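Return a 3D structure for these sequence lines:
(one chain, ligands or ions: 1)
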Amino acid sequence: MDLQRYLATRARLVERSLAAAVPPGRATLRRAMRYSLLAGGKRLRPILVLAAAEAAGGRARLALPFACGLELIHTYSLVHDDLPSMDDDDLRRGRPTSHKVFGEGLAILTGDALLTEAFRVMATARGVPAARVGRAIAEVAAAAGEAGMVGGQALDIQAAGKRLPLRTVAAIHRLKTGALFRAAVRVGGIVAGAPPAVLGRLTRYGEHLGLAFQIVDDVLDAAETPGSDGRTDRALGKATYPGVLGMERAMRHAARERDAALAALRPLGRRAAPLAALVTHVVARARG
Ligand code: GRG
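Take a look at the predicted model:
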């Protein structure tokens, strides 16, 4: 399986759809939305939507509006996470953050507009039975909101500076980052009409992948020299796996999550090869 080729073709599909979903415009808000959205992220979550739809025997193209929906929501979360009242970051995706370029008020509104746009794009999906569209949208809403990403971000803020047990760190990660990964693969499965057993396998894969991704992200962050502002997540007092376990044990944990994700996929066979390659790639990132 040539993962790089797979990622490149699917990312191209996603880039085109995102650019069409938020077309160019003269208004500052529109420019700010495109500035953050089309800044070249890895597009992991939308690619997962497409790969899960294919693993469930469906067509990637039909899942594109949901792939875009998740990336719009992910981008809004990054814009808001970078705000002075949250992480107060200067750089994102290799560029000055939204509030640095457009000001804080506009950056808040940019996040709001990206989030709202996500639901318009998903609700107007064509060629997918209405019941599946409704189910997929409800899935994304639950994963993005209080019971998912936003709830996890709230816990993360409240946990700053505290020494937490591993199970609390894991619970925060599961919500803050894991919920969108889980939703990405579930939505791909739902749009493709996956039977419950397949959806269950995709769900388990998504949960293990989400945790592996976050652990690796924390390990990479902890290994990094502090940025120009002298900070890393550790310096910000954030709840992280390497903070609780140390680097070596955190990486062993990530490898166990990867293996559990791969085991969940096994019965799905060849069609799930891109998903298998993806989780392997995510964990290998930390090995350099
Ligand atoms: C502000 C509501 C709200 C939520 C923020 C996910 C999140 C919650 C904040 C992001 C902070 C962060 C850097 C978390 C670490 C894991 C993560 C989500 C990294 C960024 O995702 P990538 O690596 O980024 O997929 P790209 O730019 O490639 O899309």
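
Name the residues of the protein found near the ligand, please.
41-42, 44, 74, 77-78, 80-81, 86, 93, 149-150, 153, 176-177, 214, 217 (CB under 6 Å from any ligand atom). C-beta coordinates here come from the backbone N, C-alpha and C atoms, glycine included.

For whichever residue of the stretch 1-150 of the chain sits closest to the ligand, the count of nearby residues, please.
Closest to the ligand within the stretch 1-150 of the chain is G41: 2.9 Å, counting by CB to the nearest ligand atom. Residues lying near G41 (other CB atoms under 10 Å) number 20.

thought it was touching L72?
No - the pair G41 and L72 does not pass the contact test of CB atoms under 8 Å, sitting 11.4 Å apart.

what do those two both touch?
Residues touching both G41 and L72 by CB atoms under 8 Å, 6 or more residues apart in numbering: none at all.

could you pull out the strands for the protein?
With strands called from DSSP state E, the chain shows them at 91-92, 95-96.

Those strands: which one's closest to P274?
Proximity to P274 (CB to CB) singles out strand 91-92 among the strands of the chain, at 27.0 Å.

For that closest one, which outside residues touch it?
Taking CB under 8 Å, 6+ apart as the rule, strand 91-92 contacts 36, 39, 78-79, 82, 97-98, 227.

Cross those residues against helices and list the overlap.
The helices, defined by DSSP state H, take in 36, 78-79, 98 from those.

Can you lay out those residues as CSV showing distance to L114, neighbour count and pLDDT?
Putting the ones in helices among the contacts of strand 91-92 into CSV (distance: CB to CB, whole Å; neighbours: other CB atoms under 10 Å; pLDDT from 0 to 100) gives the following:
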residue, distance to L114, neighbour count, pLDDT
S36, 7, 24, 98
L78, 10, 21, 98
V79, 7, 29, 98
S98, 10, 28, 98
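
Pull the most distant pair out of these.
Pairwise distances across the ones in helices among the contacts of strand 91-92 peak at 8.6 Å for L78 and S98 (criterion: CB to CB).

between these two, what contacts are shared?
Contact criterion CB under 8 Å, 6+ apart; residues shared by L78 and S98: 36, 92.

what's the nearest residue to the residue in the stretch 151-288 of the chain that the ligand sits nearest to if we skip its chain neighbours?
Residue nearest to the ligand within the stretch 151-288 of the chain (CB to the nearest ligand atom): Q153, separated by 3.8 Å. Distance criterion CB to CB, 6 or more residues apart in numbering; nearest residue to Q153, sequence neighbours excluded, is K176 at 5.5 Å.

Same check on A184?
L48 is the one closest to A184 (CB to CB, 6+ apart), at 4.0 Å.

State whether that neighbour and V185 are indeed in contact, as I suppose.
Yes - at 5.5 Å, L48 and V185 qualify as touching, with contact defined as CB under 8 Å.

so where is this structure shaky, pLDDT-wise?
Scanning the chain for pLDDT under 70 picks out 225-237, 287-288.

Just the buried positions in the lengthiest helix in it, please.
Longest helix of the chain, by residue count under DSSP H: helix 196-223. Buried residues in helix 196-223, defined by neighbour count with 16 or more other CB atoms under 10 Å: 198-199, 201-219, 221-222.

sorry, back to before: could you pull up the residues touching the residue of the stretch 1-150 of the chain closest to the ligand?
Neighbours of G41 in contact, by CB under 8 Å, 6+ apart: 71, 74-75, 93.

if we can go back for a sec, drop anything exposed from the residues of the chain next to the ligand.
Buried among those (16+ other CB under 10 Å): 41, 44, 74, 77-78, 80-81, 149-150, 153, 176-177, 214, 217.

A160 and V282, how far apart?
26 Å (CB to CB, to the nearest Å).

Equivalent analysis for I47, please.
From I47 to V282 the distance is 11 Å (CB to CB).

Show me which of the two is the more surrounded one.
The neighbour count for I47 versus V282, taken as other CB under 10 Å, is higher for I47 (26 against 23).

so that one touches V14, yeah?
Yes - under the criterion of CB under 8 Å, I47 makes contact with V14 at 6.7 Å.

Mean neighbour count added to the strands of the chain, as JSON lines?
Shown next, in JSON lines, are the strands of the chain (neighbours: other CB atoms under 10 Å):
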{"stretch": "strand 91-92", "mean neighbour count": "16"}
{"stretch": "strand 95-96", "mean neighbour count": "14"}
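
OK, contacts around E117?
21-22, 33, 72.
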